[in-house]
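A.B. asks: one predicted model, sequence on top.
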Amino acid sequence: MFRIPLFSRATPRTLSASSRKMAPRRLALTAAVSAATLASAVVSPLASAQERDSFSVCWSIYAGWMPWGYADVEGIVDKWSDKYGIDIDVVQVNDYVESINQYTSGNVDGCAMTNMDALTLPAASGVDSTALIIGDYSDGNDGVVLKNADSLEDIAGRDVNLVQFSVSHYLLARALDSVGMSERDVSTINTGDADIASLFASRDNIDAVVTWNPQLTTVSELENSNLVFDSSQIPGEILDLMVVNTDTLAANPALGKALVGAWYEVMDKMAADDQAALTQMASAAGTDLAGYQAQLDATHLYTTPTEALSLFDSPDLLDTMQRVAEFSFEQGLLGDMAPNPGFVGIETPSGVFGDRNNIKLRFDPSYTRDYLSTQE
């Protein structure tokens, strides 16, 4: 099984990936739950959140989320937690879908995930969730790779291995649409992100994958393999977030303040090209400094709060989330009984898409704005 090296210091706390075999769609909803009763029947265990002083957030290996591991190992999260009189446990999960499982089930208070997965997994399951930090958008970090072919059109008729119903599925649909094709022209096979690179390398019958870095780099560099489409062709659509439980955040604003402060302290180091910090992140991502820099070249990091706020406040964010919601509805990811793409309300500073009485995903710039005000 493909494993990615972790930090060389004390091994980060990890959670079991034993439930990775569950299809992500099953996390979102079950067919037995009707649209009329969903919002009340499926709720987060943290829905009745109270004031407390101990929290946990999780993350998985990805170029844009390595700062969370670094912030944990270097005591930056502890520094900001201490400032606000709380404790935050930063947990590394080896399987991405499992990390969202842990958040959706209420085992952690926050999780690093994409905008689409925030909508189709916790939000669609009735977990009121807040995008606290917009960290970056994928600008080439997600891609489609084929063996023995150099054109996207050659994907026709192939089995495509990916994390089904994740943002990789969204990228595949956007890729197919760009050449006048649809999912009817391929077959998708659900494959855990921790396994996808080793399977692609070792099995001749696996000849099409959709994945993200660092796995994307690994599979792209294999003999007779070619990257035929990537997220730089749909800029700004795949957003990487830190999502926290809305009720927990409302009862404990110190959690939001500490996470935002820790994040931008690391962003300052990355913007300054801090070689020691970048080298440590590279090692944790299973590559060297040059390899990690290549991944960052395909990641549009919002290294300053000002830049992140420009996206938070832009109508483009609402347009993007509407497009994501429409795709998710077409794929049945909002639940078999969802009547329309707006079944789950999405709130941004520019407005609301969908049902205002069922808002379950919120983009909240207030903590980023507060942090910026303290730096001026």
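C.D. replies: Received it, and whenever you're ready, just let me know what you need. Residues are numbered from 1 along each chain as shown.

A.B. asks: check contacts around the residue nearest to residue 254 when sequence neighbours are not counted.
C.D. replies: Of all residues beyond its chain neighbours, the one nearest residue 254 is residue 84 (3.8 Å), with distances taken as Cβ to Cβ, 6 or more residues apart in numbering. All C-beta spots, glycine's among them, are computed from the backbone N, C-alpha and C. The neighbourhood of residue 84, defined by Cβ atoms under 8 Å, 6 or more residues apart in numbering, consists of 254, 257, 258.

A.B. asks: which SSE is the last one in?
C.D. replies: When elements are defined using DSSP states H and E, residue 258 is found to belong to helix 253-271.

A.B. asks: run the chain-centre distance for whichever helix or strand comes after that helix.
C.D. replies: Once helix 253-271 ends, the next helix or strand along the chain (criterion: DSSP H and E) is helix 275-284. Between the mean C-alpha location of helix 275-284 and the chain-wide mean there is a distance of 21 Å, by Cα atoms, centre = their mean, to the nearest Å.

A.B. asks: how about helix 275-284: buried residues?
C.D. replies: Buried positions in helix 275-284, judged by neighbour count with 16 or more other Cβ atoms under 10 Å: 277, 278, 280, 281, 282, 283, 284.

A.B. asks: using PDB, list the CA coordinates for the very next helix or strand once past that helix.
C.D. replies: Tracing the chain past helix 275-284, the next element assigned as helix or strand by DSSP H and E is helix 289-297. Once non-C-alpha atoms are left out, helix 289-297 reads as follows in PDB (Å, rounded to 0.1, in the frame of the first residue of the first chain):
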ATOM      1  CA  LEU A 289      12.000  20.900  -1.600                       C
ATOM      2  CA  ALA A 290      12.000  21.100  -5.400                       C
ATOM      3  CA  GLY A 291       9.200  18.700  -5.600                       C
ATOM      4  CA  TYR A 292       7.100  20.600  -3.100                       C
ATOM      5  CA  GLN A 293       7.800  23.900  -4.900                       C
ATOM      6  CA  ALA A 294       6.500  22.300  -8.000                       C
ATOM      7  CA  GLN A 295       3.300  21.400  -6.200                       C
ATOM      8  CA  LEU A 296       3.000  24.900  -4.900                       C
ATOM      9  CA  ASP A 297       3.500  26.300  -8.400                       C
END
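
A.B. asks: okay, which residue is most central for the chain?
C.D. replies: Closest to where the C-alpha atoms of the chain average out (Cα atoms, centre = their mean) is residue 113, at 2.2 Å.

A.B. asks: look up how far residue 246 lies from that one.
C.D. replies: Applying Cβ to Cβ, to the nearest Å, one obtains 15 Å for the distance of residue 113 from residue 246.
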